[in-house]
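Engineer: how would this look folded up:
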Amino acid sequence: MRLAILAISILLGTAAWSQNTNGRKGKEVVYNELDTVEYQLLEVNRILIVGNKTTLDRIIQRELSLKPGDTISNKNISQVLLRDKNKIYNLRLFNTVEIRPILLSLNKVDLLIEVTERWYTFPVPIFELSDRNFNEWWQTYDHDLGRVNYGLRLYQYNFRGRNETLRFTGQFGFSRRFDIAYSIPNLDRNQKQGLSFLFSYAQPKNLSYFTQDHKLLFLKSRNVLRTNSLVAINYSYRKSFYETHNVGLEYRYSVIADTIALLNPNYYGNGETKQQYEAISYSFNSDHRDVMAYPLNGHQSNIFLKKIGLGFSSEVDQFEVNLTHARYLDLKNGYYFSNFSSAYLSTPQSQPYSLYNAIGYRRQFLRGYEIFLIEGSRFIMNKSTLKKRIFTRGWHFTNMPHEQFSYFPLSIYIKGYVDVGYVENFSRYQELLINNSLSNRFLIGAGGGIDVVTFYDMVLRFEYSFTREGKHGFFFNIKKEF
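Structural biologist: Residues are numbered from 1 along each chain as shown. Take a look at the predicted model:
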């Protein structure tokens, strides 16, 4: 009788799990039925994986907490398998992931993992804005189509079935660019070490050369205004499921046109037209989010350090520190709260314009201030969002010619938010009495909006924001808020 109850309980729990959409739980799934059964140790017999036509088994097995021969109590198995399911989905190789325990006897189970693979080869036509975001292009530059880049970007995800990524970029238009990038996240047998390589060559004929009233000034020319070459290599070490260390080395060489140096002698400093430097960086990422594409529960912390100028051929000297922390809370009944904090420091403060940092770069924006660039050597920011899920569903289309596009998930959230930040202005700007209306003061942006989350991790954000300075407007973004 006890064996029958345990089997029914696991099957009921599995049936509830199968209702999940987009690799995400619709609600916190716990095998409550197992609580009616006394404490029982279960031994994992086999791990069976189906649906991975391209992906190697070991790529999936790397994310599992349980191995054949391990034991786990019937009270804990649901939570462990739920975490493992999210880890597999966070590889971003699959549209759907399911893990089902199959009872073989009173104390022995098989684990059945079913995945639906994504499409891995994407020749993506480039038709994108050269500006920092859609709102800057629409509002500041009057949606000028002349500021659009075009070309082709070829992605080969899951190369060789090992979660490797190969990328080629050929871009023309507002900014000409050629990139080759190759990422190998699982270099060794234990899949803890990885390497990535990047070569980039860019020749823009339109270039931002200065900031005025917290907005970039551009020069457009028939001739190349800057030639930039970059070679970079990154080593990663992922000791556990959730923590990753990265060490990067790069070499950059840039040349600007004389016109740029005349318009802004501090672009490379002292009217120079050339700049070269080596840099080393280190980052530590602790990622405990449920689903990376659009987290609703968990937390993430990141430490980033970078030293520009290693004493070889470098002509600049800069040290950067950026600390970030994000927290996501499931408040139940479809309500969710998220908070993101960031602190940035750069020293020494006196730098060429090309190395200025700010709120508005590196995807660190205050909502309501998207069209502004608030530069400084130090800044802090905090972003908070309260949201309510009003719709979620997934559709399977059996008549699709390719299985990779047969599943269409859709979730919709309404939200309200408050962002605050503070940027310490550069002393150079203070002396020139420019770009100081939004610096050295607390910035506040608040508003509401709608998030649409759909297939292949696409997030569409529609927001209306108000700022402390009395500005307000509609903003649209194609990415998660943080």
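
Engineer: Provide the secondary structure category for the closest residue to P265 other than its chain neighbours.
Structural biologist: Leaving out its chain neighbours, the residue that sits closest to P265 by Cβ to Cβ, 6 or more residues apart in numbering is G271, at 4.3 Å. From N, CA and C alone the C-beta is placed, and that goes for glycine too. Following DSSP: H, G, I helix; E, B strand; the rest coil, we place G271 in the coil state.

Engineer: On the pLDDT front, check G271 for me.
Structural biologist: Per-residue confidence (pLDDT) for G271: 95.

Engineer: And V30, by the same measure?
Structural biologist: The predicted local confidence for V30 is 38.

Engineer: could you measure G173 against F94, distance?
Structural biologist: 34 Å (Cβ to Cβ, to the nearest Å).

Engineer: my bad, F199
Structural biologist: 30 Å.

Engineer: now T55
Structural biologist: 8 Å.

Engineer: tell me, what's touching the two both at once?
Structural biologist: Common contacts of T55 and F94 (Cβ atoms under 8 Å, 6 or more residues apart in numbering): 115, 117.

Engineer: shouldn't V423 be in contact with F379?
Structural biologist: Yes. Taking Cβ atoms under 8 Å as the definition, V423 is a contact partner of F379 at 4.3 Å.

Engineer: These two: which has the busier surroundings?
Structural biologist: The neighbour comparison of V423 against F379 (other Cβ atoms under 10 Å) goes to V423, with 28 against 25.

Engineer: Name the SS class of the more buried one, please.
Structural biologist: V423 ends up strand, using three-state DSSP.

Engineer: overlap in contacts of V423 and F379?
Structural biologist: Joint contacts of V423 and F379 (Cβ under 8 Å, 6+ apart) are 358-359.

Engineer: what's the neighbour count on E431?
Structural biologist: 8.

Engineer: Wait, a helix at it?
Structural biologist: Yes. The assignment for E431 is a helix, going by three-state DSSP.

Engineer: Look at it and report its pLDDT.
Structural biologist: E431 is given a pLDDT of 89.

Engineer: Show me the shaky parts of the stretch 1-150 of the chain.
Structural biologist: For the stretch 1-150 of the chain, the stretches with pLDDT under 70 are 1-37, 126-148.

Engineer: all strands for it, in order.
Structural biologist: Assigned by DSSP state E, counting those that start in this stretch, the stretch 1-150 of the chain shows strands spanning 41-50, 71-73, 94-105, 108-117, 121-129, 148-159.

Engineer: I'd like the ones you listed laid out as TSV, including distance to L263.
Structural biologist: Rendered in TSV, the data for the strands of the stretch 1-150 of the chain read as follows (distance: least, Cβ to Cβ, whole Å):
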stretch	distance to L263
strand 41-50	59
strand 71-73	66
strand 94-105	49
strand 108-117	51
strand 121-129	23
strand 148-159	23
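
Engineer: and E469, which of those strands is closest to it?
Structural biologist: Taking Cβ to Cβ, strand 121-129 is the member of those nearest to E469, at 24.8 Å.

Engineer: neighbours around the residue nearest to E114 when sequence neighbours are not counted, how many?
Structural biologist: Of all residues not flanking E114 in the chain, E98 sits nearest, at 4.5 Å (Cβ to Cβ, 6+ apart). Residues lying near E98 (other Cβ under 10 Å) number 20.

Engineer: F337 too?
Structural biologist: Neighbours around F337, by other Cβ under 10 Å: 14.

Engineer: give me the element it is part of.
Structural biologist: Using DSSP states H and E, F337 sits in strand 335-347.

Engineer: what's the offset of the next helix or strand after that strand from the middle of its chain?
Structural biologist: Counting by DSSP H and E, the next helix or strand C-terminal to strand 335-347 is strand 358-359. Offset of strand 358-359 from its chain centre (Cα atoms, centre = their mean, to the nearest Å): 18 Å.

Engineer: Report the next helix or strand after strand 358-359 in sequence order.
Structural biologist: Following strand 358-359 in sequence, per DSSP H and E, is strand 374-375.

Engineer: Give me the packing partners of that next one, helices and strands only.
Structural biologist: Strand 374-375 is packed against strand 358-359, strand 407-424, with contacts defined by 3 or more Cβ pairs under 8 Å, 6 or more residues apart in numbering; DSSP states H and E.

Engineer: partners of it in the sheet?
Structural biologist: If you go by DSSP bridges, strand 374-375 pairs up with strand 358-359 (antiparallel).

Engineer: And the contacts of stretch 355-363?
Structural biologist: Residues contacting stretch 355-363 (Cβ under 8 Å, 6+ apart): 132, 211, 308, 316, 318, 320, 344, 346, 365-366, 369-370, 372-377, 379, 381, 421, 423, 426, 443, 479.

Engineer: Buried among those residues? Need that as a selection in PyMOL.
Structural biologist: Listed next is the PyMOL selection for buried residues among those, using 16 or more other Cβ atoms under 10 Å:
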select buried, resi 132+211+308+316+318+320+344+346+365+366+369+370+372+373+374+375+376+377+379+381+421+423+426+443
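
Engineer: right, and T392 touches S411 too?
Structural biologist: Yes. Taking contacts as Cβ under 8 Å, T392 lies within contact range of S411: 4.2 Å.

Engineer: Compare the two and say which is more crowded by neighbours.
Structural biologist: Between T392 and S411, S411 has the larger neighbour count (other Cβ under 10 Å), namely 21 against 17.

Engineer: How much space separates the more buried one from Y464?
Structural biologist: Distance of S411 to Y464, given as Cβ to Cβ: 20 Å.

Engineer: Please apply the same query to W119.
Structural biologist: Taken as Cβ to Cβ, the span from W119 to Y464 is 35 Å.

Engineer: Can you pull the domain assignment for this structure?
Structural biologist: According to automatic domain parsing, the chain comprises the domains 2-117, 121-378.

Engineer: quick one, which of the ones you listed is nearest to K387?
Structural biologist: So among the domains of the chain, domain 121-378 is nearest, using Cβ to Cβ, at 5.1 Å.

Engineer: Tell me how far that closest one lies from the chain's centre.
Structural biologist: Worked out by Cα atoms, centre = their mean, domain 121-378 lies 12 Å from the chain centre.

Engineer: now the end-to-end length of that domain.
Structural biologist: 41 Å (Cα to Cα, to the nearest Å).

Engineer: Also stretch 197-215?
Structural biologist: First residue to last in stretch 197-215 (Cα to Cα) measures 33 Å.

Engineer: For that stretch, buried residues please.
Structural biologist: 198, 200, 202-211, 214-215.

Engineer: Likewise for stretch 233-246?
Structural biologist: Applying 16+ other Cβ under 10 Å to stretch 233-246 flags 234, 236, 238, 241-242, 244, 246 as buried.

Engineer: got the contact list for it?
Structural biologist: 63, 65, 87, 185, 191-198, 247-250, 281-288.

Engineer: now do stretch 441-452
Structural biologist: By Cβ under 8 Å, 6+ apart, the list of residues contacting stretch 441-452 reads 294, 359, 366-369, 374, 387, 410-423, 459-468, 472, 480-481.

Engineer: partners of whichever strand or helix holds L230, with directions?
Structural biologist: Assignment of secondary structure by DSSP H and E places L230 within strand 226-237. Applying DSSP bridges, strand 226-237 is found paired with strand 193-204 (antiparallel), strand 243-256 (antiparallel).

Engineer: Lovely, talk soon.
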